[in-house]
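Student: When you get a sec, could you give me coordinates for this:
(one chain, ligands or ions: 1)
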Amino acid sequence: MTPVLYDYWRSSASYRTRIALGLSGLEFDAVRIDLSAGEQFETEHMRRNPQGLVPTIEIDGHVFSQSLAIIEYLDETGRYPFLPIEPQQRVRVRTLAYVIAMETHPICNLSVAHHVGEITGDPEHSIDWMVRFMGKGLAAFERLLDDPATGRFCHGDKPTMADVCLLPQIYNARRRDMTTEGLPQISRIVAELEANDAFSAAHPNNFR
Ligand SMILES: N[C@@H](CCC(=O)N[C@@H](CS)C(=O)NCC(=O)O)C(=O)O
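Tutor: Numbering: from 1, shown residues only. Okay, here's the model as predicted:
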C-alpha cells in the first residue's frame, strides 16, 4: 500500500517527513490539511492526530505522527539509515536534530508566535520572537557543526536526520527574511542539500 501523508505545504515538520520519504525511496500520496483554514482541528484529522498537527502518516497499516518518530520508524524498518550505527555518533545526529525539532521549531510555531502578538498587543512582536529564537537555535547548530564528524553533510558524507531537520528550518528562517550569512557551515551544507533530489522534490512549492 502506498503511504498516505497528511501534510501542509509550508509546514516544516511535514517538509521533514517528505524529505525522509524521498530519501527512503518511498512514493506517497499527499493529502493536504489546510492549516490556514483550520482543517487540522476537524474531527476526522483529530482522530488521526489528537494534537491537531501535521504531519500524520498512514504506512504499513499504521497511523503515525511526530516527524522524528516517523523518521526513526523509516530507519528502523530498513528504509534509509537516518541515524549512524555507533551510539556516540547517534547521539550527535540526534542532538543536532533536537536543537531544531525540539528547541527551535516548537517555540517558533505559528500558534506560539501569534499568542506572543496577542498578549503583548503588537503583532510585530510575534515576528521578533521567531527571528530571535530561530537565530539562537541556528547559531547553536552552527557551533555544533564545528566538529571533525561534520562532512559534506551535518554528519559525514550522507544526509542524516540532522540534515532532514536543517533544510526546513532554513526555509522557515528565509520566510522571515533571515539569511545564513555568518553561518558558514550551515550555508555550505544547505547548498549541498538543495542540490539533492530527495530534498528538492520535497520543497513546499511542489506541494502548494
Ligand atoms: N513535533 C511535531 C511538530 C508538528 C507541528 O508543529 N506541526 C505544525 C506545522 S509545522 C502544525 O501542524 N501546526 C498547526 C497548528 O499549530 O494549529 C512534529 O515534528 O511532527
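
Student: quick one: the helix or strand of the chain with the lowest mean pLDDT to chain centroid distance?
Tutor: Sorting the helices and strands of the chain by mean pLDDT, DSSP states H and E puts helix 110-120 at the bottom, at a mean of 92. Average the C-alpha atoms of helix 110-120, do the same for its chain, and the two points are 21 Å apart (Cα atoms, centre = their mean, to the nearest Å).

Student: right, is it up against the ligand?
Tutor: Yes: contact check for helix 110-120 against the ligand, using Cβ under 6 Å from any ligand atom: residues in range are 110, 111. (Glycine included, C-beta is placed from N, CA and C.)

Student: Show me which residues of that helix are buried.
Tutor: 113, 116, 117 (16 or more other Cβ atoms under 10 Å).

Student: The last one and residue 125 touch, don't they?
Tutor: By that I understand residue 117. Yes: distance between residue 117 and residue 125: 5.3 Å, which falls inside the contact criterion (Cβ atoms under 8 Å).

Student: At the contact with the ligand, which residues of this structure appear?
Tutor: Those residues of the chain that sit near the ligand, judged by Cβ under 6 Å from any ligand atom, are 11-13, 35, 40, 52-55, 66-68, 101, 109-111.

Student: Specify which member of those residues is nearest to residue 161.
Tutor: residue 68 (7.0 Å; Cβ to Cβ).

Student: For that closest one, what is the enclosing helix or strand?
Tutor: In this assignment (DSSP states H and E), residue 68 forms part of helix 67-76.

Student: For that helix, the averaged confidence score.
Tutor: Mean pLDDT, helix 67-76: 98.

Student: Quick check: the closest residue to residue 14 other than its chain neighbours vs residue 162, distance?
Tutor: If the residues on either side of it in the chain are set aside, residue 14 comes closest to residue 7, at 3.5 Å by Cβ to Cβ, 6 or more residues apart in numbering. Remark: distance between residue 7 and residue 162 (Cβ to Cβ, to the nearest Å) = 21 Å.

Student: ok, now residue 94?
Tutor: Going from residue 94 to residue 162 by Cβ to Cβ gives 8 Å.

Student: Please say which of the two ends up with more neighbours.
Tutor: Comparing residue 94 with residue 162 by other Cβ atoms under 10 Å, the one with more neighbours is residue 162, at 27 against 19.

Student: Need the outlier residue of this protein, farthest from its centre.
Tutor: Of all residues in the chain, the one whose C-alpha sits farthest from the chain's mean C-alpha position, using Cα atoms, centre = their mean, is residue 121 at 29.7 Å.

Student: Since that was my last question, I'll sign off now.
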